[in-house]
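Colleague: predicted model and sequence below, questions to follow.
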Amino acid sequence: MHYNASGLLSDRAGASREFTIDNETISIEDDRFTNVCGHVELLKTGRGILVQAEVTASTIEECSRCLKETNFELNIEFEEEFHPVNKFPGLVEIEDDESQFPLDFDYGVDENNTIDFKESFRQAFVSEIPIAPLCKPDCKGLCAKCSIDLNIEYCDCVEIEELPQWAQSLKSLEIN
């Protein structure tokens, strides 16, 4: 998922390019996203290249209740400005001093005038994964005593009806 931005960076402000991503894979660190597909639009700005994309991907996560691996479909709308390392005519130079926000090189155009979308898309996909993913909305999870998957079979464990002492003390609190 690399794009050579030399031509667009040499063009006038307002120039644009489009391309599609079809069946790519992003595998960085512990994250793996497959069947990455979508549409990407690039627009030259006065400071760099504005990237707008609508991208989908699949990933496998562990259900937070029953611990089964579950496939998730993720959709992102991505918009970020990528700044070039090299100087191009017509671009306003961005100062990298302590008084301004530091440049984020995950959103940069490298010395070869190439944009690598893998890390930026990975970050966007990771933010779309639910905090507590579920294999299905009504997942019953595992029995706290015997660890049987309650989605598959019923267990004979007796449910604890009495609250622990610390929880009983909360009953007496009045909340306004």
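Modeller: Happy to help now that I have it. Residues are numbered from 1 along each chain as shown.
Colleague: tell me where the chain has strands.
Modeller: Taking DSSP state E to define them, one finds strands in the chain at 2-4, 16-28, 31-44, 49-62, 69-84, 108-109, 114-116.
Colleague: of all the ones you listed, which lies closest to Glu174?
Modeller: Glu174 sits nearest to strand 49-62 of all the strands of the chain, at 39.6 Å, using C-beta to C-beta. Yep, even glycine has a C-beta here, placed from its N, CA and C like the rest.
Colleague: which stretch in the strands of the chain is the model least sure about?
Modeller: Note on those: strand 108-109 shows the lowest mean pLDDT, a mean of 83.
Colleague: could you measure from Gly108 over to Glu41?
Modeller: Computed as C-beta to C-beta, to the nearest Å, the Gly108 to Glu41 distance reads 18 Å.
Colleague: what is the longest helix of this structure by residue count?
Modeller: helix 118-128 (DSSP state H).
Colleague: packing partners of it?
Modeller: strand 16-28, strand 31-44, strand 49-62, strand 69-84 (3 or more C-beta pairs under 8 Å, 6 or more residues apart in numbering; DSSP states H and E).
Colleague: so for Lys118, which of the ones you listed sits nearest?
Modeller: That would be strand 16-28 among the helices and strands packed on helix 118-128, by C-beta to C-beta, at 5.2 Å.
Colleague: got the angle between the closest one and strand 31-44?
Modeller: Going by axes from the mean of the first three to the mean of the last three C-alpha atoms, to 10 degrees, strand 16-28 is angled at 160 degrees with respect to strand 31-44.
Colleague: quick one: contacts for the residue nearest the centre of the chain?
Modeller: By C-alpha atoms, centre = their mean, the mean C-alpha position of the chain lies nearest to Phe125, the distance being 2.1 Å. Taking C-beta atoms under 8 Å, 6 or more residues apart in numbering as the criterion, Phe125 is in contact with Ile26, Asp31, Phe33, Ala57, Thr59, Leu74, Ile76.
Colleague: how much space separates it from His2?
Modeller: Separation of Phe125 from His2 (C-beta to C-beta) stands at 18 Å.
Colleague: ok so, going back, let's have the helices and strands packed on helix 118-128 in JSON lines, adding distance to Gly7.
Modeller: JSON lines is the format used below for the helices and strands packed on helix 118-128 (distance: least, C-beta to C-beta, whole Å):
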{"stretch": "strand 16-28", "distance to Gly7": "8"}
{"stretch": "strand 31-44", "distance to Gly7": "10"}
{"stretch": "strand 49-62", "distance to Gly7": "11"}
{"stretch": "strand 69-84", "distance to Gly7": "13"}
